[in-house]
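Q: Predicted model and sequence follow; I will ask about them next.
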Amino acid sequence: MEIIDKKNLEKIKALNNQFVLKVVDEFISLCKPLKVTVITDSQEDIDYVRNRAIELSEETKLSLKGHTVHYDGFFTMSNHDQARDKGNTQVLVPKDEEGSYPWINTMEREKGLKEVLDIMDGCMKGHECVIRFFCLGPKNSKFSILALQLTDSFYVAHSEDLLYRAGYEEFRKLNGSDDFFYFIHSSGELTGKPPVTKNLDKRRIYIDLKEGRVLSVNNQYAGNSLGLKKLALRLAIYKANNEDWLTEHYFIMGVHPKGKNRTSFFCGAFPSACGKTSTAMLPGQTIVGDDIAYLRVWEDGYAHSVNIERGIFGIIKDVNAKNDPVIFDALTTPRETIFSNVLVKDGKPYWIGDGSTIPDGGHNYSGNWNKGKKDKNGRDIPLAHPNARYTIRIEELNNADPNLHKPDGVPVHGIFYGGRDSDTMPPVIESLDWEHGVFLGASIESETTSATLGEEGVRMKQPMANLDFMVVSLGKYIKNHQVFGNRLEHCPKVFATNYFLKNKEGKYLNGILDKLCWVIWAEGRVHNDFNAIKTPIGNIPKYLDLKTLFKQYLDKDYKEEDYIKQFSIRPKKILEKLDRIEAMYKKEKDVPEFFWNIFNNQKNLLINLKNKSDSEEISPLLF
Ligand code: SPV
Ligand code: MN
């Protein structure tokens, strides 16, 4: 380990952990960085990371204090590193399991390891490697898992500082145990200024479940590079589903209805770019987390959940003062913030849908940019990438929930599941019971967005908005949910939402902030404040309750004709959806019986409904 100087080596040795030393030794020898810097929880070390990101031009300062911009690789509109790369993300499995999970990419472990280790040989040449220690979840908490990160990107290390709790001191308390996840990341060979990954064709994100580690190389986009985000999510899903708890792609929010002296906590799973962060950041409510939660059955009979992060890596597109006032305010005031893949002109960031007058030129993820700029294939380069993002800490926000770091987490009173669905499901329905709720979550569909590479607008199945990260069979995962809920004395109520319903002319039927009314209605249902209308697919709100909520929360006159359009039940469309769900789950070997019972029951009820009426849309007033 001659690459590490004495001072840095001492910091590792102070942990008294042979396994940490072994991992560091193995990967430093393989990746061959120029030097190695170990970061503890001290402010001095953390400042070092932030400053190095600027010195190395991985980030550039903007005008407002604490604001910086980072760019990920971009060559053309179809060859870039601006989103998660599902194609090159592989779960390494034993030979006999290869290909047995129809919904995820798997590769035989030995073959995958050989390939990625070959690519990683010398990948940090000329770079400084930084070693960081984190805690996924609150400190001193039964929920939490420790994580070790090696990376040669100071943008990655800095982002993780905003997004995760420092864990060097927690590693000391491990007493030499190897019970932690570890992540090796390298941007690989760099090109240009700001420096971006050159060899995107050699981008690999390989998940080694057996070792509890992920090896990621030749990328910078946070969803591919940051070990603690979507890479740790996969490892935790595997662990949870082989134990007795849940790891979910959930936000956690405190809901505070007006005039009632209470807070209810809701989790919510939505595929990327489907309104998840905007829900957690709704005006008047508090945020615990916006992306990943661990849940356990707790002594008080509730499910408790913690945010394993402490920051937000959110989509910036369409964040403006009107639609997302809380986020917009956070992004336009001084605080430590990393903007990525936006347009910058005179030290000010611009993005699609920010509500400002966009300058004709500036610097963006494609270099110097002018309105009308095209890539070499003739495709328009938008001013900012549709998946451009911001990274901030939650605790600095006025709407941060005071329970963010509570080791016991918060009790879960309700769960939302939502997708981007233009023509099938109503804006909000309440499940009939827990198992029906699991069914609703398991049947989410969503049209693809710019958060992952590939074509947009394609309808995909998205069980619990977790399919991209599913490293166990769907059957096992669904069964684990069922059993988890059945162990609870106070089961969360489950709601399915759809913010994206359109009319025949393609116009959205709801305003962006209307979701506040669905959330407040759901909270009221948890406390029996409202009655509901029972339909074959679940309970829906009554018109007069929504009319009152729209007035009270949005100062809007909610018309009955709009309610009827939004909440009509579409048996034909939903039956088509059930056919797609059936085709998906039929491919799985171990889908629990309760799922098919609910499926068959829903199908029969919908067929009856369809036979009773000539209309494709049945008014909610008829139930
Ligand atoms: C998502 O895409 O679900 C995100 C951002 O939360 S990423 O880190 O890319 O996964
Ligand atoms: Mn996410």
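A: Now that the structure is in, tell me what you want to look at. Ligands and ions are numbered 1, 2, ... in the order given.
Q: first to last residue in stretch 420-434, what's the distance?
A: End-to-end distance for stretch 420-434: 23 Å, by C-alpha to C-alpha, to the nearest Å.
Q: Could you do stretch 247-262 as well?
A: Start and end residues of stretch 247-262 are separated by 27 Å (C-alpha to C-alpha).
Q: Quick check: buried residues in that stretch?
A: Neighbour-count burial for stretch 247-262 flags 247-257 (criterion: 16 or more other C-beta atoms under 10 Å). Bear in mind the C-beta positions are built from the backbone N, C-alpha and C, glycine included.
Q: and stretch 54-73, how far out from the chain's middle?
A: Here the centre of stretch 54-73 is set off from its chain's centre by 23 Å, with C-alpha atoms, centre = their mean, to the nearest Å.
Q: Average pLDDT for it, rounded please.
A: Mean per-residue pLDDT for stretch 54-73: 98.
Q: Now Leu235: closest residue in space, sequence neighbours ignored.
A: Distance criterion C-beta to C-beta, 6 or more residues apart in numbering; nearest residue to Leu235, sequence neighbours excluded, is Phe181 at 5.1 Å.
Q: Now the one you found: phi and psi?
A: Backbone geometry at Phe181, expressed as degrees, to the nearest 10, gives phi -90, psi 150.
Q: So it sits against Gly212, correct?
A: Yes: assessed by C-beta atoms under 8 Å, Phe181 is found in contact with Gly212 at 5.0 Å.
Q: Pull the number of nearby residues for the closest residue to ligand 1 within the stretch 151-300 of the chain.
A: Proximity to ligand 1, evaluated over the stretch 151-300 of the chain using C-beta to the nearest ligand atom, is greatest for Gly223 at 2.2 Å. For Gly223, the count of nearby residues is 25 (other C-beta atoms under 10 Å).
Q: Just say helix, strand or coil for it.
A: Secondary structure for Gly223, judged by DSSP: H, G, I helix; E, B strand; the rest coil, is helix.
Q: Report whether the expected contact of it with Leu233 is present.
A: No: checked against C-beta under 8 Å, the pair Gly223 and Leu233 is beyond contact range at 10.1 Å.
Q: Could you pull out the buried residues of stretch 569-585?
A: Applying a neighbour-count criterion of 16+ other C-beta under 10 Å, one finds 569-571, 573-575, 577-578, 581, 584-585 buried in stretch 569-585.
Q: wait, which of those is closest to ligand 1?
A: Met584 (20.4 Å).
Q: Figure out the helix or strand that the closest one lives in.
A: If you go by DSSP states H and E, Met584 is part of helix 571-586.
Q: Can you give me the buried ones in the following helix or strand past that helix?
A: Of the helices and strands lying after helix 571-586 in sequence (DSSP H and E), the nearest is helix 593-612. By neighbour count on 16+ other C-beta under 10 Å, the buried set for helix 593-612 is 594-595, 598-599, 602-603, 606, 609-610.
Q: Could I get those in TSV, plus columns for distance to Asp401?
A: As requested, those are arranged in TSV below (distance: C-beta to C-beta, whole Å):
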residue	distance to Asp401
Phe594	33
Phe595	33
Ile598	33
Phe599	36
Gln602	35
Lys603	40
Leu606	39
Leu609	41
Lys610	44
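Q: which of the residues you listed lies closest to ligand 1?
A: For the buried residues of helix 593-612, the closest approach to ligand 1 (C-beta to the nearest ligand atom) belongs to Phe595, at 24.9 Å.
Q: quick one: Trp369 from Asp346, how far?
A: The gap separating Trp369 from Asp346 is 14 Å, by C-beta to C-beta, to the nearest Å.
Q: Those two - which one has more neighbours?
A: Neighbours per residue (other C-beta under 10 Å) separate Trp369 from Asp346, with Trp369 holding more: 21 against 8.
Q: Pull the residues that contact stretch 560-568.
A: Residues outside stretch 560-568 that contact it (C-beta atoms under 8 Å, 6 or more residues apart in numbering): 426-427, 501, 503, 509-510, 540-541, 543, 546-547, 617-621.
Q: Any of the residues you listed buried? List them.
A: Among these, those that count as buried by neighbour count (16+ other C-beta under 10 Å) are 426-427, 501, 509-510, 540-541, 543, 546-547, 618, 620.
Q: Apart from its neighbours in sequence, what residue is nearest Glu430?
A: Counting by C-beta to C-beta, 6+ apart, Asn539 is the residue found nearest to Glu430 once chain neighbours are left out, at 4.1 Å.
Q: which element is the one you found on?
A: In the assignment (DSSP H and E), Asn539 maps to strand 538-541.
Q: quick one, what contacts Phe595?
A: 438-439, 442, 478, 585.
Q: quick one on the thing from earlier: for the helix holding Met584, name the packing helices and strands.
A: Judged by 3 or more C-beta pairs under 8 Å, 6 or more residues apart in numbering; DSSP states H and E, the packing partners of helix 571-586 are strand 459-461, helix 593-612.
Q: how does it look with 7 Å?
A: Using 3 or more C-beta pairs under 7 Å, 6 or more residues apart in numbering; DSSP states H and E as the contact test, the elements touching helix 571-586 are helix 593-612.
Q: Contact partners for the nearest residue to the residue of the stretch 151-300 of the chain closest to ligand 1 once chain neighbours are set aside?
A: Excluding its sequence neighbours, the residue lying closest to Gly223 (C-beta to C-beta, 6+ apart) is Arg84, at 3.9 Å. Contacts of Arg84 were listed using C-beta atoms under 7 Å, 6 or more residues apart in numbering, and they are 223-224, 230, 451-453.
Q: Close to ligand 1: what parts of the stretch 1-150 of the chain are there?
A: Within the stretch 1-150 of the chain, the positions near ligand 1 by C-beta under 6 Å from any ligand atom are Arg84.
Q: name the element Ser305 belongs to?
A: Using DSSP H and E, Ser305 maps to strand 303-307.
Q: is that strand anywhere near ligand 1?
A: No: against ligand 1, strand 303-307 shows no contacts by C-beta under 6 Å from any ligand atom, the least distance being 12.8 Å.
Q: counting contacts, what elements does the next helix or strand after that strand pack onto?
A: For strand 303-307, the succeeding helix or strand toward the C-terminus, using DSSP H and E, is strand 311-315. With contacts taken as 3+ C-beta pairs under 7 Å, 6+ apart, strand 311-315 sits against helix 154-163, helix 276-280, strand 389-393.
Q: So what touches strand 311-315?
A: Taking C-beta under 7 Å, 6+ apart as the rule, strand 311-315 contacts 162-163, 222, 229, 273, 277, 290, 327, 387, 389-394.
Q: again with stretch 481-500
A: 246, 275, 297, 301-303, 412-422, 425-431, 434-435, 437-438, 440-441, 508, 510, 515, 518, 522, 525-526, 592, 594.
Q: chain center to it: distance?
A: Computed by C-alpha atoms, centre = their mean, the chain-centroid distance of stretch 481-500 equals 19 Å.
Q: hmm, back to that, among the buried residues of stretch 247-262, name the ones in strands.
A: With DSSP state E as the criterion, strands contain 247-248, 250-255 from among these.
Q: before we move on, the earlier item: tabulate the buried ones among the contacts of stretch 560-568 in JSON lines, adding columns for distance to Pro402 and pLDDT.
A: What follows is the buried ones among the contacts of stretch 560-568, written out as JSON lines (distance: C-beta to C-beta, whole Å; pLDDT from 0 to 100):
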{"residue": "Pro426", "distance to Pro402": "34", "pLDDT": "98"}
{"residue": "Pro427", "distance to Pro402": "30", "pLDDT": "98"}
{"residue": "Leu501", "distance to Pro402": "35", "pLDDT": "97"}
{"residue": "Leu509", "distance to Pro402": "36", "pLDDT": "98"}
{"residue": "Asn510", "distance to Pro402": "31", "pLDDT": "98"}
{"residue": "Ile540", "distance to Pro402": "33", "pLDDT": "98"}
{"residue": "Pro541", "distance to Pro402": "30", "pLDDT": "98"}
{"residue": "Tyr543", "distance to Pro402": "36", "pLDDT": "98"}
{"residue": "Leu546", "distance to Pro402": "30", "pLDDT": "98"}
{"residue": "Lys547", "distance to Pro402": "33", "pLDDT": "98"}
{"residue": "Ile618", "distance to Pro402": "44", "pLDDT": "97"}
{"residue": "Pro620", "distance to Pro402": "38", "pLDDT": "97"}
